[in-house]
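>>> The following block contains a protein sequence and its predicted model.
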Amino acid sequence: MNKLLIAPLLCSSFLLLLACGSNNSNSKTLDQNTTQQTENNKIAQSYQIETITAFNEPWAITSLPDQRLLITERKGRLKLFDPKAKTTINVLGVPNVSYGGQGGLGDLILHPDFAKNHWIYLSYAERGASGDGAVISRATLDLADPAQPKLVDVKRIWEQVPKVSGQGHYGHRMQFGPDAQLWVSSGERQKFDPAQDLKSNLGKVLRLNDAGTPAKGNPFEQQGGVTAEIWSLGHRNPLGMAFDAQGQLWVVEMGPKGGDELNRILKGENYGYPVVSNGDHYSGLPIPDHHTRPEFKAPEIDWTPVISPSSLIIYSGKQFPLWKDKALIGGLSSKSIVVVDLKSKPVREVQRLDMKQRIRGLHQAQDGSIWVIEDGSRAKLLKLSAE
């Protein structure tokens, strides 16, 4: 286990501001695109974009074994979309969510044994007596009636501790790892200090069993409670998670004013926020850069100006050979998909796709094409495929 370094707690007195702009519709349904090569170390993978349909404030997307898509909408709706028939059906039984700010219905993933147990996992914001917080529920997706899919046996299995005021920085992305454990990114809820507090699971990357309990082998499991959930700490607003072909977890997170990060997640490491960041507070107050405190784990790459990362996949298909094993990051304010070479030393950005709109989610389909969801109302579902 890597040595843990806990920084002194900071006074939480800053307000963080995040832009939440909406998308304008684009009448162009098929766009041939090739990113130009501008530097020697850049790539120029060609692709085409097809506009498929639109959703209202979508947040996450995944595919079923039959290639139908499940898409969450922040106001609490779960959609089942059939790309062949071009039909969309509401899935019943979704838990109530706390909608507002950055909150609402969030991520969704399938259990590794979905074909047998039909389990799906949903993350969402929940209102409690002391404020809001993210929770995760596991449910069985009942597709027996083709006209009316529904969630049954919904069970709440995890929550952010503590619930706090405000509706930002939930994080709440999920991934099942090659170890069959449930990995969760938990934002620090715009409260700064919890990211360095081992008695809170805010501002952390967590490793859980599929029932939501702490997984065996976590670095702080002997301390019990929510501390036993923690794999790494010192995170701000981690909004994308993906495992590479070697089983290494990568997490992309929003920095403050500057300093968006892509991190290689290691057991027990402290990534430094809010003690260090390569950005500054929105108030203008500086934050020491990572190089001033080498005891904290620095990002593999960071961005100033920011890209506002929303999502992350590591491409493993065949349609885009130049993207194989590279990270694709959805960008909100940058209105882009950022391609990063994880094997280069140092890790570097190698291509940026100008998407014209804020990008909320990415998902690789079984055939190697890439599903893309925009951000905001009337946000388009796009399909990236080979030319």
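Looks like it arrived, so ask away. Note that the structure is predicted; figures quoted are calculated from it, not measured. Residues are numbered from 1 along each chain as shown.
>>> for Glu159, what are its contacts?
126, 133-136 (Cβ atoms under 8 Å, 6 or more residues apart in numbering). (Glycine included, C-beta is placed from N, CA and C.)
>>> Kindly report the same for Met254.
18, 236-237, 239, 260, 306, 308-309.
>>> next one: Arg189
Applying Cβ under 8 Å, 6+ apart, the residues near Arg189 are 133, 160, 164, 166, 168-170, 202-203.
>>> so where's the chain uncertain?
Scanning the chain for pLDDT under 70 picks out 1-40.
>>> what would the contacts of Met254 look like in JSON lines with distance to Tyr121 and secondary structure?
Shown next, in JSON lines, are the contacts of Met254 (distance: Cβ to Cβ, whole Å; DSSP: H, G, I helix; E, B strand; the rest coil):
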{"residue": "Leu18", "distance to Tyr121": "25", "secondary structure": "coil"}
{"residue": "Arg236", "distance to Tyr121": "23", "secondary structure": "coil"}
{"residue": "Asn237", "distance to Tyr121": "20", "secondary structure": "strand"}
{"residue": "Leu239", "distance to Tyr121": "17", "secondary structure": "strand"}
{"residue": "Asp260", "distance to Tyr121": "26", "secondary structure": "strand"}
{"residue": "Val306", "distance to Tyr121": "29", "secondary structure": "coil"}
{"residue": "Ser308", "distance to Tyr121": "25", "secondary structure": "coil"}
{"residue": "Pro309", "distance to Tyr121": "22", "secondary structure": "strand"}
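>>> Could you dump those into a markdown table and include neighbour count?
Compiled in a markdown table, the contacts of Met254 are given as follows (neighbours: other Cβ atoms under 10 Å):
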| residue | neighbour count |
| --- | --- |
| Leu18 | 16 |
| Arg236 | 27 |
| Asn237 | 26 |
| Leu239 | 30 |
| Asp260 | 30 |
| Val306 | 19 |
| Ser308 | 23 |
| Pro309 | 28 |
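>>> Nearest to Asn278, out of the residues you listed: which one, please.
Closest approach to Asn278 among those (Cβ to Cβ): Asp260, at 8.7 Å.
>>> Name the residues linked to the closest one by a beta bridge.
Note on Asp260: beta-bridge partners by DSSP bridges are Trp303.
>>> so it makes contact with Pro305?
No: Asp260 lies out of contact with Pro305 (Cβ atoms under 8 Å); the separation is 9.0 Å.
>>> Let's see if you can find the most crowded of the contacts of Glu159.
Highest neighbour count within the contacts of Glu159: Ala134, with 28 neighbours (other Cβ atoms under 10 Å).
>>> hang on, isn't it packed against Val161?
No: counting by Cβ under 8 Å, Ala134 stays clear of Val161, with 10.3 Å between them.
>>> CSV please, covering the contacts of Glu159 and showing secondary structure.
Below are these laid out as CSV (DSSP: H, G, I helix; E, B strand; the rest coil):
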residue, secondary structure
Glu126, strand
Gly133, strand
Ala134, strand
Val135, strand
Ile136, strand
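>>> now the helices: where do they sit in the stretch 1-150 of the chain?
114-117 (DSSP state H, counting those that start in this stretch).
>>> so where do the strands sit in it?
Secondary structure of the stretch 1-150 of the chain (DSSP state E, counting those that start in this stretch): strands at 30-34, 46-55, 58-63, 69-73, 77-82, 87-91, 105-110, 119-128, 131-142, 150-159.
>>> Which one, of those, ends up nearest to Ser283?
Of all the strands of the stretch 1-150 of the chain, strand 131-142 comes closest under Cβ to Cβ, at 22.3 Å.
>>> So what's the gap between the closest one and the chain middle?
Computed by Cα atoms, centre = their mean, to the nearest Å, the separation of strand 131-142 from the middle of its chain amounts to 16 Å.
>>> Ok, stretch 70-86 next?
18 Å.
>>> With stretch 308-322 instead?
Worked out by Cα atoms, centre = their mean, stretch 308-322 lies 13 Å from the chain centre.
>>> And that stretch, what's buried?
When burial is assessed from 16 or more other Cβ atoms under 10 Å, stretch 308-322 yields the following buried residues: 308-315, 317, 319-320.
>>> who touches Leu332 in this structure?
19, 307-310, 358-360, 375.
>>> quick one on the thing from earlier: name the member of the contacts of Glu159 with the shortest distance to Asn117.
Comparing the contacts of Glu159 against Asn117 with Cβ to Cβ places Ile136 closest, at 16.2 Å.
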